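# need a 3D model of the following:
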Amino acid sequence: MSMDQLILRRPDDWHLHLRDGAALRAVLPHTAAQFARAIVMPNLKPAVTTTALAAEYRARILAALPAGSDFTPLMTLYLTDRTDPREIATARASGIVHGCKLYPAGATTNSDSGVTDIRRIDAVLEAMVAAGMPLQVHGEVTASDVDVFDREARFIDEVLAPLRARLPQLRIVFEHVTTAAAVEFVRAQGADVAATITPQHLAMNRNALFTGGIRPHHYCLPVLKRERDRVALLDAVCGGDARFFLGTDSAPHARHTKEAACGCAGIYSAHAAIEFYAEIFEQAGALSRLEAFASEFGPRFYGLPLNEQRILLRRESWAVPDHYAFGADTLVPLRAGETLGWRFAGAAH
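Predicted coordinates:
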């Protein structure tokens, strides 16, 4: 590593939304350029609820890859109140499904078919323990009387802690953690509980939603939190704890669906994902910790080999485009129109 370039083991993205159809074809090249693998979220319409549907979606992703791409999608199943416990063994045997996603009903984009009460899927969770299948959790309660900034902490108390007590052998990934409470929870567990952390939650607090007016392109779920929460996340990743690893939660939406009276939740970061993390780690004085966070901790948790390839980042100023094509629409990326100081330069030779 020099002051002007950074060579890293090729990273993986352990939480990603790719959508489908024209939207998939628009955004996939960004991820496939930087990352070797990604855990692909199943919240399509209709949702990816079975191994057969996951295989079909995987085939569509592979067909949409740019020529010459070396990228492997890691599929997930969307849990519902009606998930058949026998499906878990089928999924594990397939070799293509690497986790099952818990969306509390109504928690985020296309989550209306999600689980209404986690006790309804106890048999499924027991089957996941038997199969060694990780549970990927969107950790928010959705009751209307709970403040939106308190949803994650309440989820820990009301759902996650009791789940750990009932099924301590269940492997859990607490996705896109956003609070000091979540960091404390993960740190208190063993090595079978981990968490992904996004660039936006490391870089911004909730003030970013209101700087100069309502900023719809900074709206995601879980929503940005207080500054003390951001600092807690930063401390977790800069401390080198192997239970915290990279998951962008990059979530593309057409511009007109974000800049709307009832705008969609989701921030698109795949266009410069590794650059965002490099900037964050450097500003925190922890650039030497980036490779383990981006390229080592995730594969080890999921029981997959580390990538052998290396990538190159150059210290180079470049302007993020104002928008990208998104099928027939346009997509506004994170930091649109702003300047970044690191630039992905492809494979390192």
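
# residue 166 versus residue 45, what's the distance?
As judged by Cβ to Cβ, to the nearest Å, residue 45 and residue 166 stand 32 Å apart. No exception for glycine: its C-beta is placed from N, CA and C like everyone else's.

# which one's more surrounded, those two?
Neighbours of residue 45 and residue 166, each counted by other Cβ atoms under 10 Å, are more numerous for residue 166; the result is 13 against 9.

# over to that one: give its phi and psi.
Note on residue 166: backbone dihedrals following degrees, to the nearest 10 are phi -80, psi -40.

# and for residue 174?
According to degrees, to the nearest 10, the main-chain angles of residue 174 amount to phi -80, psi 100.

# these two touch, right, it and residue 185?
Yes: here residue 174 reaches residue 185: they are 7.3 Å apart, a contact under Cβ atoms under 8 Å.

# now for those two: what residues contact both?
When contacts are counted by Cβ atoms under 8 Å, 6 or more residues apart in numbering, residue 174 and residue 185 have residue 160 as shared neighbours.

# neighbour count for those two, which is higher?
With other Cβ under 10 Å as the criterion, residue 174 and residue 185 differ in neighbour count, and residue 174 comes out ahead with 26 against 23.

# for the more buried one, list each beta-bridge partner.
Listed beta-bridge partners, residue 174: residue 137, residue 195 (assigned using DSSP bridges).

# excluding covalently adjacent residues, which one is nearest to residue 267?
residue 220 (4.6 Å; Cβ to Cβ, 6 or more residues apart in numbering).

# correct me, but the one you found touches residue 200?
Yes: with contact taken as Cβ under 8 Å, residue 220 and residue 200 are classed as touching, separated by 6.3 Å.

# between the two, which is the more surrounded one?
Taking residue 220 and residue 200 together and counting by other Cβ under 10 Å, residue 220 has the greater number of neighbours (25 against 22).

# what sits against that one?
By Cβ under 8 Å, 6+ apart, the contact set of residue 220 is 198, 200, 249, 251, 265-267.

# same deal with residue 134?
Contacts here follow Cβ under 8 Å, 6+ apart; on that basis residue 134 touches 98-100, 128, 171-173, 301-302.

# which of the contacts of residue 220 sits closest to residue 61?
Distance from residue 61 was checked for each of the contacts of residue 220 by Cβ to Cβ. The minimum falls on residue 251, at 16.0 Å.

# so which elements touch the helix or strand hosting residue 39?
With elements delineated by DSSP states H and E, residue 39 resides in strand 37-40, which encompasses its position. Packing partners of strand 37-40 (3 or more Cβ pairs under 8 Å, 6 or more residues apart in numbering; DSSP states H and E): strand 13-16, helix 51-64, strand 72-78.

# among the ones you listed, which comes closest to residue 120?
Shortest separation from residue 120 across the helices and strands packed on strand 37-40 is recorded for strand 72-78, at 14.5 Å, computed as Cβ to Cβ.

# now do the buried residues in the closest one.
With burial defined by 16 or more other Cβ atoms under 10 Å, the residues of strand 72-78 counted as buried are 72-78.

# with stretch 325-338 instead?
Residues 326-327, 329, 331-336 are the ones in stretch 325-338 that count as buried (16+ other Cβ under 10 Å).

# ok, back up a step: only whichever of the contacts of residue 220 are buried, select them in PyMOL.
Command for PyMOL, covering only those of those found buried under the criterion 16+ other Cβ under 10 Å:
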select buried, resi 198+200+249+251+265+266+267
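
# from the contacts of residue 220, which two are the most distant?
Set against one another by Cβ to Cβ, the contacts of residue 220 have their most distant pair in 198 and 265, with a gap of 12.5 Å.

# distance of the closest residue to residue 83 other than its chain neighbours relative to residue 115?
Closest residue in space to residue 83, ignoring its immediate chain neighbours: residue 124 at 5.0 Å, by Cβ to Cβ, 6+ apart. Summarising the geometry, the distance separating residue 124 from residue 115, computed by Cβ to Cβ, is 9 Å.

# returning to that earlier point: out of the helices and strands packed on strand 37-40, which is closest to residue 33?
When the helices and strands packed on strand 37-40 are ranked by distance to residue 33, counting by Cβ to Cβ, first place goes to strand 13-16 at 11.6 Å.

# show the subsequent helix or strand relative to the closest one.
helix 21-34.

# could you give the angle of that next one to helix 51-64?
Orientation note: helix 21-34 sits at an angle of 70 degrees relative to helix 51-64 (axes from the mean of the first three to the mean of the last three Cα atoms, to 10 degrees).

# can you turn the buried subset of the contacts of residue 134 into a selection I can paste into PyMOL?
Once 16+ other Cβ under 10 Å is used to decide burial, the buried members of the contacts of residue 134 can be selected in PyMOL as follows:
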select buried, resi 98+99+100+128+171+172+173+301+302
